[in-house]
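In: Quick one, what's the 3D model for this:
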Amino acid sequence: MEKSTWKVLAIIFIILFSLVTSVLGWAFYEGNQMIEKEYECAYNVCSEETNYIYYDVEEICECYQDNVLTKTKYLS
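Out: Prediction:
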């Protein structure tokens, strides 16, 4: 019975390692997508305005000039 215990533990650790690797890969991908969208907001959409706000959940980019909203764009 003890000889098969290490095999069961090895399988459990392999499954856990695979799950953790998948979750970390997904989180890195999502974070990279968010950074790319904010970069697009700052440099492509609001390049002529002084300030911008990017709402990552709604994917909305708002541009401000002298604290006045000048442009709003939905980034899909």
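
In: Would you tell me what helix or strand the residue sitting nearest the centre point of the chain is located in?
Out: Geometric centre of the chain, nearest residue: residue 31, 2.3 Å, by CA atoms, centre = their mean. For residue 31, the element it lies in under DSSP states H and E is helix 2-40.

In: Listing partners with orientation, what would you give for the helix or strand following that helix?
Out: The helix or strand immediately downstream of helix 2-40 is strand 51-55, counting by DSSP H and E. Sheet pairing of strand 51-55 (DSSP bridges) gives strand 60-65 (antiparallel).

In: Run the angle between the very next helix or strand once past the partner strand and strand 51-55 for me.
Out: Counting by DSSP H and E, the next helix or strand C-terminal to strand 60-65 is strand 68-74. Interaxial angle of strand 68-74 relative to strand 51-55 (axes from the mean of the first three to the mean of the last three CA atoms, to 10 degrees): 40 degrees.

In: What residues sit buried inside strand 68-74?
Out: By 16 or more other CB atoms under 10 Å, strand 68-74 has no buried positions at all. In this view, the C-beta of every residue, glycine as well, is placed from N, C-alpha and C.

In: if I look at residue 18, how far off is residue 4?
Out: Distance, residue 18 to residue 4, by CB to CB, to the nearest Å: 21 Å.

In: Sorry, wrong one. I was asking about residue 10.
Out: Distance from residue 10 to residue 4, by CB to CB: 10 Å.

In: Figure out how far the helix holding residue 31 is from the centre of its chain.
Out: Relative to its parent chain, helix 2-40 has a centroid offset of 16 Å by CA atoms, centre = their mean, to the nearest Å.

In: repeat for stretch 55-75
Out: Put simply, stretch 55-75 sits 19 Å off its chain's centre (CA atoms, centre = their mean).
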